[in-house]
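J.: Predicted coordinates and the sequence they were generated for:
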Amino acid sequence: MNLLLVDSVDFPFGGAHSVHVSLLMKGFRENRENAFLVIPYGSKREALSARSKKYGHFDGIPYYFVRANKNIKKGFRFLDIFIGVIKTAALIYRRKRTKKLDAVVLGGIVDIIRDSPVILTCAILKVPVYFWLVEKASLSEDYHGIAGYFNYKSQQLSERFLPKFASGVIVISSGLKQHYLKYLPESKILINPVLVSDESYNSVNQESINIVKEKFAAEFKGKRLLVYSGSFGEKDGLFYLIEAFAEVVKKYPETVFVMTGKSYSEILMDNVRNHIKKYNLEDKIQLVGFVNADELFAYNNLADILFVCRSNSPFANHGFPWKLGEYCMTAKPVIATRVSDIEEYFRDKESLFIVEPNDPMAIAQKIDYIFANYDMALNVAKKTKETAMQKFGYLEKSNEVIEFIKRNQK
């Protein structure tokens, strides 16, 4: 098949989203499908270093930045987006006319208004379009101001009307599947939670890991390291993690907590900083912001424990933590909260460490348990990695997507 994966991802140097787009594309191509990644626009810092070339290959993946103007002012970002989507629709038209297109997979946070040129072009040309949906965005608690209100209303429309245009939907959780069963038969819905690959972690630059070790040598020497990486959204349970850590340092004062990433809401970031100050943890918690892929790999692999402690919210229960896939592959102990489909794949103290959500004391007690039984915890972590490879291996899961597309083409 000739496939276009259309996704405004910060490829190839973004976070978990970029990793999963890369793995899905690799899976398509290694399963002998002619797949091409089309990026209508990119706006985050991580994309800029890749946007000097509009066309290229990265790790065997052919990609095209449709709109690669990195000098556009923030106030005119909407124009960048609009032009990128229109040009993407034109690209679909040209490829359909030359019979080089069998289906489109539209991924990311799909917006029926913003992405309407692509969606309508596929509908008019009768190009099958599959939506790769990773959250129920209307449930997000991160909308603020007038722009946030319009984004919220747009996502409500998307979740209601996208199925009318879909040949099928690929969803990240059973919660999302239940939502789309209101509009589509089960045969047109596929659950595809996370993707993992051992290969992605074998090629990381060891020099970068050594740089990170040297950079934090004084802080890490003789200390335990906890690591969280993510978007710092309301769903991510950061305040519960901070409160849990405040308990942990009472017994293990040599522990350091590194948090990578940040929120795009300065209000939320200020709240996080204030929460750290409230518990007098400024010298114990390091907010390092966005880091590159090699540095992130280094932090994850230096960690004694990693965290995916999402809150018990409708938004979190309709999603699934992509970051968990990366954590699993480190073979380091991972603590996750009992939300969404976690227990569909993992068992507490057998293949993961699972705690109740919204409970700082439960997290603190689990950290204490791991520290007190660390050799056992490392054995569990090995099982975590094995389970992830069995359940989420990119080659098998991407082939499931291919077969799903083929079934729904008939």
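T.: That came through, no problem. The shown structure was predicted, so the numbers you read here are calculated from the model rather than taken from an experiment. Numbering: from 1, shown residues only.
J.: For the nearest residue to residue 323 once chain neighbours are set aside, which residues are in contact?
T.: Closest residue to residue 323 apart from its sequence neighbours, by Cβ to Cβ, 6 or more residues apart in numbering: residue 16 at 5.1 Å. Every residue, glycine included, has its C-beta placed from N, CA and C. Residues near residue 16 by Cβ atoms under 8 Å, 6 or more residues apart in numbering: 322-323, 325-326.
J.: tell me which of those residues is nearest to residue 332?
T.: residue 326 (10.9 Å; Cβ to Cβ).
J.: Quick one: the strands in the stretch 51-200 of the chain, in order.
T.: Along the stretch 51-200 of the chain, the segments classed as strands by DSSP state E, counting those that start in this stretch run 55-58, 61-65, 103-108, 129-133, 168-171, 189-191.
J.: Can you list the buried residues in stretch 244-260?
T.: Neighbour-count burial for stretch 244-260, counted by 16 or more other Cβ atoms under 10 Å, picks out 244-249, 255-260.
J.: ok so, going back, can you check which of the strands of the stretch 51-200 of the chain gets nearest to residue 11?
T.: strand 61-65 (6.0 Å).
J.: So what are the sheet partners of that closest one and their directions?
T.: Strand pairing for strand 61-65, using DSSP bridges, gives strand 34-39 (parallel), strand 55-58 (antiparallel).
J.: Report the buried residues of that strand.
T.: Buried-residue list, strand 61-65, by 16+ other Cβ under 10 Å: 61, 63-65.
J.: same deal with stretch 164-177?
T.: So for stretch 164-177, counting by 16+ other Cβ under 10 Å, buried means 165-177.
J.: got the contacts of residue 16 as CSV, with secondary structure columns?
T.: Output for these, formatted as CSV (DSSP: H, G, I helix; E, B strand; the rest coil):
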residue, secondary structure
322, coil
323, helix
325, helix
326, helix
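J.: In terms of pLDDT, where does the residue nearest to residue 323 sit?
T.: Here, the pLDDT recorded for residue 16 equals 82.
J.: Ok, the one 10 residues further on next?
T.: Model confidence at residue 26, expressed as pLDDT, equals 94.
J.: give me the element it is part of.
T.: Assessed by DSSP states H and E, residue 26 sits inside helix 16-30.
J.: Likewise for residue 402?
T.: Here residue 402 sits within helix 394-409, counting by DSSP H and E.
J.: Of all the residues in that helix, which ones are buried?
T.: Result for helix 394-409 [16+ other Cβ under 10 Å]: buried residues 394, 397-399, 401-402, 404-405, 408.
J.: Output stretch 327-341 as PDB, restricted to C-alpha atoms.
T.: In PDB, the C-alpha atoms belonging to stretch 327-341 read as follows (Å, rounded to 0.1, in the frame of the first residue of the first chain):
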ATOM      1  CA  TYR A 327      10.500   3.700  30.700                       C
ATOM      2  CA  CYS A 328       9.800   0.000  30.300                       C
ATOM      3  CA  MET A 329      12.800  -0.400  28.000                       C
ATOM      4  CA  THR A 330      15.200   0.900  30.600                       C
ATOM      5  CA  ALA A 331      14.700  -2.200  32.800                       C
ATOM      6  CA  LYS A 332      14.600   0.200  35.800                       C
ATOM      7  CA  PRO A 333      11.800   0.100  38.300                       C
ATOM      8  CA  VAL A 334       8.700   2.000  37.200                       C
ATOM      9  CA  ILE A 335       5.800   3.200  39.400                       C
ATOM     10  CA  ALA A 336       2.500   3.800  37.600                       C
ATOM     11  CA  THR A 337      -0.900   4.600  38.900                       C
ATOM     12  CA  ARG A 338      -4.000   2.400  38.400                       C
ATOM     13  CA  VAL A 339      -5.600   4.400  35.700                       C
ATOM     14  CA  SER A 340      -6.800   3.700  32.100                       C
ATOM     15  CA  ASP A 341      -5.700   0.200  30.900                       C
END
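J.: quick one: average confidence on it?
T.: 96.
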